[in-house]
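Undergrad: Compute the structure for the input listed below.
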Amino acid sequence: MLRHRVIPLVLLDGYAVVKTIRFDIRRNQGNPIVVARIYNSRNVDELILLDIDASKQNRKIDLHTVAAVAHECFMPMTVGGGLKTIDDISHTLKAGADKVALNTMLFDDALFFKSAVSVFGSQCIVASIDIKKDENGEYTLYSHSGRNVGITLDECLNILIDAKVGEILLNNVDLDGMMGGYDLDLIRHIAAIVKNIPIIAAGGAGHPSDCARAVKAGSSAVAAASIFHFTSITPRVCKEAMDQEGLLVRI
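TA: Below you'll find the predicted structure:
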């Protein structure tokens, strides 16, 4: 059986690591190469590297940074940020990424996911979706630019199912950086629809037990940042808590 993963989430604002709160307030965390070196020494399962400003600024994640981080990492790495073409994906993989995360293309050209999967395979394509609750308490897709995304959450999920993406990186914007636990209801809702597509839950981890709860709710893996940046808790501690709950992990 596949083991559940604990994945550090490293966010960039170009060249520096930042940690956001609800995708708004930012705290600088320094050099991505140093951060990657620390995670590599802790033998983490994977690493996710996302440039959160790339699409807004109409640019791509810096490939020199990707290559430098990949040089420090001996674990699989997922990279995202402004990737909009097949060539963008190809160059990012050549720079050292094992998988790519696509987000903005859901709003620009949702069919691009199917094209990307046909070229690189499902295992290479991660759909990154950011979700908020609207004034009526309904889950809606969130766009960093604030524009109307034009599709509902369930419509989005059906697009990803049809495209046969390899994984879904699920981030609840309202819980980002709050360290109050993952949105278990949201995980259950999406897991019931996508069924065989693995979910990486992000947004809210504040205690090792949160990771186990997210997996029990339906995620295959958990991604986190604040818990590792601002506490003494390590990915290993989270995996030990999951192991104590009877969940398969690599320790």
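
Undergrad: what secondary structure does the closest residue to Lys60 other than its chain neighbours sit in?
TA: Leaving aside its sequence neighbours, Lys60 sits nearest to Gly82 (C-beta to C-beta, 6 or more residues apart in numbering; 4.0 Å). Every C-beta, even on glycine, is put in place using the N, C-alpha and C of the backbone. Here Gly82 takes the coil state, with states given by DSSP: H, G, I helix; E, B strand; the rest coil.

Undergrad: So Gly82 is in contact with Leu63, correct?
TA: No - the pair Gly82 / Leu63 is not scored as a contact, 11.0 Å apart, by C-beta atoms under 8 Å.

Undergrad: Tell me the gap between the strand or helix carrying Ala212 and the middle of its chain.
TA: Using DSSP states H and E, Ala212 falls within helix 208-217. Offset of helix 208-217 from its chain centre (C-alpha atoms, centre = their mean, to the nearest Å): 16 Å.

Undergrad: same for it, what does it pack against?
TA: Counting by 3 or more C-beta pairs under 8 Å, 6 or more residues apart in numbering; DSSP states H and E, the packing neighbours recorded for helix 208-217 are helix 184-194, strand 221-224, helix 235-244.

Undergrad: still on that earlier bit, for the residue nearest to Lys60, give its distance to Thr92.
TA: 10 Å (C-beta to C-beta, to the nearest Å).

Undergrad: before we move on, what about Asn196?
TA: Distance from Asn196 to Thr92, by C-beta to C-beta: 26 Å.

Undergrad: could you show me where the helices are in the stretch 51-200 of the chain, in order?
TA: With helices called from DSSP state H, counting those that start in this stretch, the stretch 51-200 of the chain shows them at 63-72, 86-94, 105-108, 112-120, 153-163, 184-194.

Undergrad: Quick one: closest of these to Gly137.
TA: helix 184-194 (10.9 Å; C-beta to C-beta).

Undergrad: What's the mean pLDDT across the closest one?
TA: For helix 184-194, the mean pLDDT works out to 97.
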